[in-house]
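Participant: Quick one: sequence plus predicted model below, questions after.
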Amino acid sequence: MKLKQERPSRYVPSRSPTPSPSPSPSPSPSPPPSPVRHPSRVWSPPPAPPLPPILNDTDRALIASRMVEVSCPFSCSSLGGTTSVIASRNRKRKADDTTICNIPTSLLHNIFLLIPALTLRSMTKLVCKEWNYIISNSNFVKDHSTRNASGGFLVQKCVHGKTSQSYLVEIRDDTNAVTIHPTNLVFETVIATSGGFLYVKESRGTSKLSIMEAVSGKKLNLPPSPQPRAWLLFSGFAQDRSTGIYKVVRLYTVASDNFCFVLSLGVEHQWRPIDVRSFYCKSFKTMTICAGRYVYCATRSGSCYFDIITFDAETESIYYFPTTYVKIGYDYTLLRMEDSLSLMSCNRNYKWKVWRFNISNPHVWERIYKIDLSEQRLLIERELSKGDVFIKPIAWLRNGELILFRLTYPSQCCIAYDVGKGDSFWFEFPDDGDTGKTVYFNISEIFSLNKP
Amino acid sequence: MKKLKFIGNPLLQSREKINMSSDKKWLTLKTTEDNEEFVVEESVAIMSNVIKNMVEDGCASSVIPVPRVKGNAMGKIIEFCKKHTEESDEKVLKEFDAEFLNLGPDALYDLMVSANFLEIKVLLDSVTTKVADMIKGKSSEEIRNILKIENDLSAEEIEESRRENCWTRQE
């Protein structure tokens, strides 16, 4: 269902031409048409002192194992197609050939695909060498994470502005059981999250940036960021799906000139400037959401114009989509939903409208859901808190099916609502005694088996 | 000694009568490992892709030799296929599957390997799910006990895995 936006986008800043896509109703994999590029003045970096080798051996290994496809001597088949006939293996068979410990690898592969990532990682891997090998194989990891988007996310608890404790939360798909694990990740602010990784600023006051893996805490330090004389508009990271390389991007702007730097993780040691068209950015109030291949930066001006600046990791280009006025209520939240951006608007009455931004049809926000939680409101007010309380959406989990809300008071409680089934449940975080403000970050698939 | 198993109408006594009934085609599946023969309707037997292809390609005579599958596994498979061709009610089938798969790990293994060989997707999926459920809630020690697997991980590998998962609570 489209919104009332029949008029083509009139709200075009005069100085820059908009990308004029011929309405191509092609499905998602096709990239949006390339924008008109101004031959803008290319910013050349000042003669930099020779950089020390940034990646040490651990970091190198960290990235190398992610980038290089491990060639698997065993054949792995997926459950979707027809199952393969038993592959004969040159393995020393144990005495009794027909016991279950001799399951052929392809069958083991299929079994492991059904087991949640957390169990696989902590228990099943430790059973024997062969199982360890199968689970660590990157083909299997890819297969598994495409099948099982576990609804996991990271919670960072802040007390008086200082980060105190982070938790990793997992919600089981079938039983909706919630497990909360405290972590010992140390960082100051999370700039962006995507695919199980956090892009963080390490500690207050420094400009040390790094990418951390949420589950194990291993991190990769980034080279110091470039400092052109301009404002940092946004920074994020995305994955080029065709090569599997993660790229970090920083976009600076001053007047109408834009300077953009990209760093390919594991491949480059220095920020590389790329040529972007100039566009006039109306405001600096931005919100960055990294979703798979794209980094979306939504800028807000006035009350409800959302212009979307997008970085495409595959083509390494920046697109600018001015949006026409979206008719919405008072509170609005931008959230990542699977690989796209969603907007939720609410009139403080426990009813939300949900829109999605579809990159292949960028001038229209598609309305997808209408969520009504008025029944739950009574329950909440009666049981969880006395008096008026509002809930704010914080994350979409399970491939866009489960929406998580946070209560404004008490702030430890969360409500999850399944859009497909219409049922909801709530849980709360352990109260360590400090009633600070709790800040949430969503990372989907944090319990993926991606070994750093 | 050849054992002949009739899987079909128990009232029919002789083999000739089965072969002469015109509306249903019957096939004989013979497990070459232990020389057991099973007579089944064609509609039941073609739940297996392998047999289906053979029949469609016309290279199946009335007796089909089936290697690598044991007699008792074959019997169970045929029972499964029969039930699934007869019943179409999901609930009934689910209950049947739960009962049917209540077997020890060795029997499950036989079933799984045979279903994989004969390419019976439904059965393979059910058995795989059952085994996955068996593994899901258990610690590595318990898994090893149930499935009788040798622990050949060296101490360092175990230590490294434990370090990686240092944020989980110790089980």
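Facilitator: Looks like it came in fine. Numbering: from 1, shown residues only, chains lettered A, B, ... in the order given.

Participant: so where do the helices sit in chain B?
Facilitator: Taking DSSP state H as the test, the helices found in chain B are B:15-20, B:42-45, B:49-57, B:71-86, B:90-100, B:105-118, B:121-136, B:140-147, B:155-164.

Participant: Extract the CA atoms of the third one and return them as PDB.
Facilitator: The one in question is helix B:49-57. In PDB, the C-alpha atoms belonging to helix B:49-57 read as follows (Å, rounded to 0.1, in the frame of the first residue of the first chain):
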ATOM      1  CA  ASN B  49      13.300 -40.700  -5.900                       C
ATOM      2  CA  VAL B  50      15.800 -43.400  -6.800                       C
ATOM      3  CA  ILE B  51      13.100 -45.900  -7.400                       C
ATOM      4  CA  LYS B  52      10.900 -43.400  -9.100                       C
ATOM      5  CA  ASN B  53      13.600 -42.500 -11.600                       C
ATOM      6  CA  MET B  54      14.200 -46.200 -12.300                       C
ATOM      7  CA  VAL B  55      10.600 -46.800 -12.900                       C
ATOM      8  CA  GLU B  56      10.200 -43.800 -15.100                       C
ATOM      9  CA  ASP B  57      13.200 -44.600 -17.100                       C
END
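
Participant: ok, the residue nearest the centre of chain B to chain A distance?
Facilitator: Centroid-nearest residue in chain B, with CA atoms, centre = their mean: B:Leu111, separated by 3.3 Å. According to CB to the nearest CB, to the nearest Å, B:Leu111 stands 11 Å off from chain A. In this view, the C-beta of every residue, glycine as well, is placed from N, C-alpha and C.

Participant: pretty sure that residue is touching B:Asn102, no?
Facilitator: No. The pair B:Leu111 / B:Asn102 is not scored as a contact, 11.7 Å apart, by CB atoms under 8 Å.

Participant: circling back to that earlier point, need the least confident one among the helices of chain B, by mean pLDDT.
Facilitator: Comparing mean pLDDT across the helices of chain B, the weakest is helix B:15-20, with a mean of 46.

Participant: okay, the helices of chain B in a markdown table with distance to A:Asp257 next?
Facilitator: Below are these laid out as a markdown table (distance: least, CB to CB, whole Å):
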| stretch | distance to A:Asp257 |
| --- | --- |
| helix B:15-20 | 87 |
| helix B:42-45 | 73 |
| helix B:49-57 | 63 |
| helix B:71-86 | 68 |
| helix B:90-100 | 63 |
| helix B:105-118 | 62 |
| helix B:121-136 | 56 |
| helix B:140-147 | 58 |
| helix B:155-164 | 45 |
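
Participant: Which residues are in contact with residue 134?
Facilitator: Because you didn't say which chain, this covers chain A. A:74, A:105, A:108-109, A:112, A:140 (CB atoms under 8 Å, 6 or more residues apart in numbering or on different chains).

Participant: oops, chain B please
Facilitator: For B:Met134, the contact set (CB under 8 Å, 6+ apart) comprises B:105, B:146.

Participant: Neighbours of A:Asp388, how many?
Facilitator: The local packing of A:Asp388 (other CB atoms under 10 Å in any protein chain shown) involves 10 other residues.

Participant: again, but for A:Asp257
Facilitator: 17.

Participant: That one is in contact with A:Ala230, isn't it?
Facilitator: Yes. With contact defined as CB under 8 Å, A:Asp257 reaches A:Ala230; the gap is 7.3 Å.

Participant: of the contacts of A:Ile134, list those near chain B.
Facilitator: A:Phe112 (CB under 8 Å from any CB of the partner chain).

Participant: Show me the two of the contacts of A:Ile134 that sit farthest apart.
Facilitator: Across the contacts of A:Ile134, the longest distance by CB to CB is 12.4 Å; it joins A:Phe74 and A:Phe112.

Participant: quick one, which of these two is more surrounded?
Facilitator: Neighbours were counted for A:Phe74 and for A:Phe112 using other CB under 10 Å; A:Phe112 has more, 23 against 18.

Participant: tell me what the one helix or strand that one maps to is packed against?
Facilitator: For A:Phe112, the host element (DSSP states H and E) is helix A:105-113. Helix A:105-113 sits against helix A:129-136, helix A:138-147, helix B:105-118, helix B:121-136, with contacts defined as 3 or more CB pairs under 8 Å, 6 or more residues apart in numbering or on different chains; DSSP states H and E.

Participant: Noted, bye for now.
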